[in-house]
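Asks: after the sequence you'll find the predicted model.
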Amino acid sequence: MSIVEQPILRVQHLEKSYGDHLALTDASFDLWPGEVLAIVGESGSGKTTLLNAVAARIAPDRGSVHYRTTDGELHDVYQMTQAQQRLLSRTEWGFVHQHAADGLRMDVSAGANVSERLMGMGDRHYGKLRATAIDWLQRVEIDAKRVDDIPRTFSGGMRQRLQIARNLVTKPRLVFMDEPTSGLDVSVQARLLDLLRQLTREMQLAAIIVTHDLAVARLLAHRMMVMQRGRVVESGLTDQVLDDPHHPYTQLLVSSVLQP
C-alpha cells in the first residue's frame, strides 16, 4: 500500500473533560490526504474541543492522535516534544482561527505576517520573502499594494484571507479551520468559501473544518461528522448525511437549517 492510500491522520478515542463537564467522548476518525472533513453541530456540541485536541492545542484526557509525516511513518503527536509540536504547527500544519486577529500579528505588515512562517523555516533572503508574500497576497485576492499595510487597516474578510495566506505559504499538508466564515457578511462569506474550495483542491490539502453552517459543510467538505453533547452521533459522505440523515439530531439540524 502506498502512502497516498493511507490516512494522513488517525484519531482514536479522544476524550476531554472540564471539571464535571464531559466536553468530548470517544471521538475516533481517519483523515485521508486531500480530504476535507467538516465537523458540525450546535454551539457546545464539542466540535471546537475536538478540533483543538486533534491540533495539539489542548491535551486530551484520553486517546491518541497520530500524524503521518512525509516519510510515511505515523507519529504520536502527544509523544512529541513541545518543540517538535511547534515545528509541525508552523510547517506541515496550519490553523485558521475564527477571529483573524487570533491568527495574525496585527501591528506588523501584511507581508511580514505571510513571511514569518517562511522565516521560521530558515528563509532569510528579503527579496525572495517579499516576492513570495506579494504572490500569496494576490492569490488570496489582496492587492499587492497592501503588502506594507498592517492588518488593523484591513476589513474582516481581508484579514481572514491574509490569515489563510499566512498559513498556506509554507505549503502545509494539513490545515485546521475553526468557523472561518463566521461573523462575515454573506457576500464576503461567499468569496471566502470559493477561495477555500479553490485552494484546497489546487494544493490537495487535507483539512478539518469546524462549522455550525451546514451549507458551508456541503460546499467544502467531502465527509462530515455530526456532534451532539461531546459525541459523534453520525458521520459519512457529506451529501449522504445531509440528504438522508439517520440520527434524530442530524435530522433536526437539517430540517431546521437547510429547509425553508
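Replies: Looks like it came in fine. Residues are numbered from 1 along each chain as shown.

Asks: low-confidence ranges, the stretch 1-150 of the chain, go.
Replies: Low-confidence segments of the stretch 1-150 of the chain (pLDDT under 70): 1-4.

Asks: for Tyr249, see how far away the nearest residue to Val96 once chain neighbours are set aside is.
Replies: Closest residue in space to Val96, ignoring its immediate chain neighbours: Met177 at 4.3 Å, by Cβ to Cβ, 6 or more residues apart in numbering. (Glycine included, C-beta is placed from N, CA and C.) Met177 sits 23 Å away from Tyr249, going by Cβ to Cβ, to the nearest Å.

Asks: between these two, point out the one with more neighbours.
Replies: Legend: neighbour count by other Cβ atoms under 10 Å for Met177 and Tyr249, higher for Met177 (27 against 18).

Asks: shouldn't the more buried one be within a strand?
Replies: Yes. Under DSSP: H, G, I helix; E, B strand; the rest coil, Met177 sits within a strand.

Asks: and the gap between it and Ser109?
Replies: Taking Cβ to Cβ, one finds Met177 at 24 Å from Ser109.

Asks: what does Asp135 give?
Replies: 15 Å.

Asks: now do His247
Replies: 48 Å.

Asks: could you do Ile164 as well?
Replies: On the measure of Cβ to Cβ, Ile164 and Ser109 end up 17 Å apart.

Asks: for the two, indicate the residue with more neighbours.
Replies: Taking other Cβ under 10 Å, Ile164 and Ser109 do not tie; Ile164 has more neighbours (24 against 17).

Asks: for that one, which residues are in contact?
Replies: Ile164 makes contact with 96, 140, 180, 195-196, 199, according to Cβ atoms under 8 Å, 6 or more residues apart in numbering.

Asks: now, among those residues, which is nearest to Gly44?
Replies: Pro180 (19.5 Å; Cβ to Cβ).

Asks: quick one: the helices in the stretch 1-150 of the chain?
Replies: 47-54, 82-90, 110-120, 126-139 (DSSP state H, counting those that start in this stretch).

Asks: which of the ones you listed sits most buried?
Replies: helix 47-54 (a mean of 24; mean count of other Cβ atoms under 10 Å).

Asks: and the strands in the stretch 101-250 of the chain, which stretches?
Replies: Taking DSSP state E, counting those that start in this stretch as the criterion, the stretch 101-250 of the chain carries its strands at 174-178, 206-211, 223-228, 231-237.

Asks: can I get these in a markdown table including distance to Asp76?
Replies: Below are those laid out as a markdown table (distance: least, Cβ to Cβ, whole Å):
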| stretch | distance to Asp76 |
| --- | --- |
| strand 174-178 | 15 |
| strand 206-211 | 18 |
| strand 223-228 | 22 |
| strand 231-237 | 21 |
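
Asks: switch these over to CSV; also include mean pLDDT and distance to Leu14.
Replies: Shown next, in CSV, are these (pLDDT from 0 to 100; distance: least, Cβ to Cβ, whole Å):
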stretch, mean pLDDT, distance to Leu14
strand 174-178, 97, 14
strand 206-211, 96, 13
strand 223-228, 97, 12
strand 231-237, 97, 10
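
Asks: quick one: which of those is nearest Arg159?
Replies: strand 174-178 (14.6 Å).

Asks: how far off centre is that closest one?
Replies: 1 Å (Cα atoms, centre = their mean, to the nearest Å).

Asks: with stretch 151-162 instead?
Replies: 18 Å.

Asks: same question for stretch 152-172.
Replies: The answer for stretch 152-172 is 13 Å, by Cα atoms, centre = their mean.

Asks: do stretch 85-102 as well
Replies: Using Cα atoms, centre = their mean, the offset of stretch 85-102 from its chain centre is 8 Å.

Asks: got the end-to-end distance for it?
Replies: 19 Å (Cα to Cα, to the nearest Å).

Asks: alright, I will stop here.
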